[in-house]
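K.L.:
pasted the sequence and its predicted model underneath.
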Amino acid sequence: MFKKLFGKSPKQTKQTEETFIAPLTGTVRNIEDVPDPVFSQKMMGDGIAIEPTNGEVVSPVDGEIIQFFHTKHAIGIRSKTGLEILIHVGLETVTMNGEGFTGHVKEGDKVKVGDKLISFDLELIKEKATSTITPVVITNGDILESLEKLNEIQCTKGVTPLIQTKVKS
């Protein structure tokens, strides 16, 4: 209708600011403290890490599942602002070949903050993997204008705000 009246369509305003909510319950760590250089040196991108106290991962943002590793140890989400978030449960968990992991979503699924993504056996990861520490990383940080980590020490999945972002407009 607007196009007919004024010769152009109304401008769509794209969401540019977003708050990431904790995807796990546990202790928040600096990404630089992850005992794996791929994460600690931010080769995958900037973010935080969480030492989980239970075995459930929920979505930190509203968005879409864009990647779900067949071993169920890592998942990628594209948020409404276009940020791509990788949640990697534990270190060297790929060698577990999916043992102890259950996926609750699939690629292409739309998710909201707090939706269950992955369940995992925390004790089994402690036994079979290098670490339970779980990096939460923005893999396309080149579109970020700003990223503020909110200095939380303990977090509750689906509740605690951890990162405030603004993407370039």
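P.N.:
Good, I have the coordinates.

K.L.:
residue 106 sits in which helix or strand?
P.N.:
For residue 106, there is no host helix or strand (DSSP states H and E).

K.L.:
gap between it and residue 140?
P.N.:
Separation of residue 106 from residue 140 (CB to CB, to the nearest Å): 22 Å. Just so you know, the C-beta spots here come from the backbone N, C-alpha and C atoms, and that holds for glycine as well.

K.L.:
and the two? Which one has more around it.
P.N.:
residue 140 (14 against 8; other CB atoms under 10 Å).

K.L.:
can you map out the strands along this structure?
P.N.:
Per DSSP state E, the chain carries strands over the ranges 17-21, 26-30, 46-52, 56-58, 63-68, 74-79, 84-88, 101-103, 110-111, 116-120, 134-138, 144-149, 154-155, 161-167.

K.L.:
sheet partners, orientation included, of the fifth one?
P.N.:
Partners of strand 63-68 in the sheet, by DSSP bridges, are strand 74-79 (antiparallel), strand 110-111 (antiparallel).

K.L.:
ok, and for that strand, which residues are buried?
P.N.:
Using 16 or more other CB atoms under 10 Å as the test for burial, strand 63-68 gives 63, 64, 65, 68.

K.L.:
please produce CSV containing these, extended by pLDDT and distance to residue 102.
P.N.:
Shown next, in CSV, are those (pLDDT from 0 to 100; distance: CB to CB, whole Å):
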residue, pLDDT, distance to residue 102
63, 98, 21
64, 98, 20
65, 98, 15
68, 97, 12
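
K.L.:
closest to residue 167 among the residues you listed?
P.N.:
Taking CB to CB as the measure, residue 167 lies nearest residue 63 of the buried residues of strand 63-68, at 12.9 Å.

K.L.:
excluding chain neighbours, what is closest to that closest one?
P.N.:
Excluding its sequence neighbours, the residue lying closest to residue 63 (CB to CB, 6 or more residues apart in numbering) is residue 79, at 4.2 Å.
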